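In: Need coordinates for the below:
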Amino acid sequence: MTTELLCLAVAIFFEARGESIDGKELVANVVINRVSSSKYPDTICGVVKQRKQFSFTHDGMSDNPLDYNTYHDKIAWEESLGMAEYVLDTGVINSYIIMYHNTDVDPYWIDSYSLSGKVGKHLFYRTLE
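Out: Okay, the predicted model is just below:
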């Protein structure tokens, strides 16, 4: 298993483990799309570990999915790993989304992006055109 695959799977797990397969795929798309953007690091791990871009990286809790061992967490880890493999093998389905957030928060940056849609508890955005 490659490091890039694991970084993507970890991001999917922590950012979308309670979401549908579609939600997990779109979170993966955001990470991959950021790698392709000159505004972000040029590796998956670089994007995922970029300071304060993903809440799980600075919430004070473990960033190891294997530390979360409920039945649902184990299923979510398998789904996240499978989704990471799938997206890396087949590519993104939405090449324009670059940001997202949980519907429970109101980030400062939303006026700088155009809302693309909602899946589960996440709103997805593209750059303003």
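In: Output the longest helix belonging to the chain as CSV, restricted to C-alpha atoms.
Out: Using DSSP state H, we find that the single longest helix of the chain is helix 71-90. Only the C-alpha atoms of helix 71-90 are listed here, as CSV (Å, rounded to 0.1, in the frame of the first residue of the first chain):
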residue,chain,number,x,y,z
TYR,A,71,-18.0,-2.0,14.2
HIS,A,72,-19.1,1.1,12.2
ASP,A,73,-15.6,2.5,12.2
LYS,A,74,-14.1,-0.7,10.9
ILE,A,75,-16.7,-0.6,8.0
ALA,A,76,-16.0,3.1,7.4
TRP,A,77,-12.2,2.4,7.2
GLU,A,78,-12.7,-0.4,4.6
GLU,A,79,-15.0,1.9,2.6
SER,A,80,-12.5,4.7,2.8
LEU,A,81,-9.6,2.6,1.8
GLY,A,82,-11.7,1.1,-1.1
MET,A,83,-12.8,4.6,-2.2
ALA,A,84,-9.2,5.9,-2.1
GLU,A,85,-8.1,3.0,-4.3
TYR,A,86,-11.0,3.5,-6.7
VAL,A,87,-10.5,7.2,-7.1
LEU,A,88,-6.7,6.8,-7.7
ASP,A,89,-7.4,4.1,-10.3
THR,A,90,-10.3,5.7,-12.2
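In: Helix or strand for the residue nearest the centre of the chain, just tell me which one.
Out: Centroid-nearest residue in the chain, with C-alpha atoms, centre = their mean: residue 27, separated by 3.4 Å. Per DSSP states H and E, residue 27 falls inside helix 21-36.
In: ok, and for that helix, which residues are buried?
Out: Neighbour counts using 16 or more other C-beta atoms under 10 Å place 23-35 of helix 21-36 among the buried residues. Backbone N, C-alpha and C define where each C-beta goes, glycine included.
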